[in-house]
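1. Sequence and predicted model, in that order:
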Amino acid sequence: MSWARPTPIYESLPALRRARWIGLVVVAAVVGLSFAQHPAPSLSGTGLGVSLSLLLLIAATITLVRSDEPALIMVSIGVLIVSSAALVWLQPSGAGMAGLFVAVAFAGFRLADLPSIVALVLAAAAFVPAAVHADRSAGAIAATELGIFAFYLLARFGRSAAEAHERTTQLIGHPVVCLDRRRERASAACPCQGRKQTSPSRRW
């Protein structure tokens, strides 16, 4: 079984499929805010690195929104983590860490337990050197790390709730289907049973 293969519950519930568009909105906000930071996106110097990081961030997010290919999902989450950490490194006051939140949320929704935990650890580890280079305080680093874990847990809890809802729906519908099938089998086995119950009894 592929690590990145989307789970059946994810593919079957429209609510989870619509949730992925939230990530695209967050990344769009990160891109917009990056133009107000220093260095701003440009075609030379450090700004070029910012531009490339933003392009990778956008490409990875669009791929996660539109694609269900297992290999692309796994690679896109990795690219999203690396490009977000690069933004934190290059724009110390920017909002690049929001891309890490998006990455772990996608991992929580779309990956199985083990690969999603690997993505979580990778995101948490990638942020630390970038944050230290950006001269962020220990409190700010700890708060961001807690945010990464919180977004991951929210995504996992959301998927668990969707799975529980799907199982409940199946359990509620299953007895009705079974009862209808039993009635059909009973009628087929004894077609005259209904007439015997409706005909009046005669006593002499």
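-> The structure has been received and is ready for your questions.
2. Chain neighbours aside, what residue packs nearest to the most centrally placed residue in the chain?
-> Geometric centre of the chain, nearest residue: Phe109, 2.7 Å, by Cα atoms, centre = their mean. Nearest-residue entry for Phe109: Ala155, 5.0 Å, with adjacent residues in sequence omitted and distances by Cβ to Cβ, 6 or more residues apart in numbering. For every residue, glycine as well, the C-beta is placed using N, CA and C.
3. and if you look at Leu54?
-> Leu54's closest residue in space is Val31 (Cβ to Cβ, 6+ apart), at 5.5 Å.
4. one step back: mind checking which helix or strand the residue nearest to the centre of the chain is in?
-> Phe109 belongs to helix 97-110 when assigned by DSSP states H and E.
5. where's that helix relative to the chain centroid, distance-wise?
-> Distance of helix 97-110 from the chain centroid (Cα atoms, centre = their mean, to the nearest Å) equals 7 Å.
6. what does the average pLDDT come to for stretch 44-58?
-> Throughout stretch 44-58, pLDDT has a mean value of 94.
7. tilt between the following helix or strand past the helix holding Phe109 and helix 97-110?
-> Downstream of helix 97-110, the next assigned helix or strand under DSSP H and E is helix 113-133. Helix 113-133 and helix 97-110 are oriented at 170 degrees to each other (axes from the mean of the first three to the mean of the last three Cα atoms, to 10 degrees).
8. Contacts for helix 113-133 next, please.
-> Here helix 113-133 makes contact (Cβ atoms under 8 Å, 6 or more residues apart in numbering) with 3-4, 74, 77-78, 81-82, 84-86, 88-89, 92, 96-97, 100, 103-104, 107-108, 111, 140-141, 144-145, 148-149, 152, 156.
9. Ok, stretch 74-85 next?
-> With contacts defined as Cβ under 8 Å, 6+ apart, stretch 74-85 is touched by 3-4, 53-54, 56-57, 59-61, 63-64, 67, 96-100, 102-103, 106-107, 110-111, 115, 119, 122-123, 126-127, 129-130.
10. Quick check: mean pLDDT of it?
-> Averaging pLDDT along stretch 74-85 gives 95.
11. Quick check: buried residues in it?
-> Counting neighbours by 16 or more other Cβ atoms under 10 Å, one finds that the buried residues in stretch 74-85 are 74, 76-85.
12. again, but for stretch 136-150
-> Residues 136, 141, 144-145, 147-148 are the ones in stretch 136-150 that count as buried (16+ other Cβ under 10 Å).
13. Averaged pLDDT, that stretch. What do you get?
-> The average pLDDT for stretch 136-150 rounds to 95.
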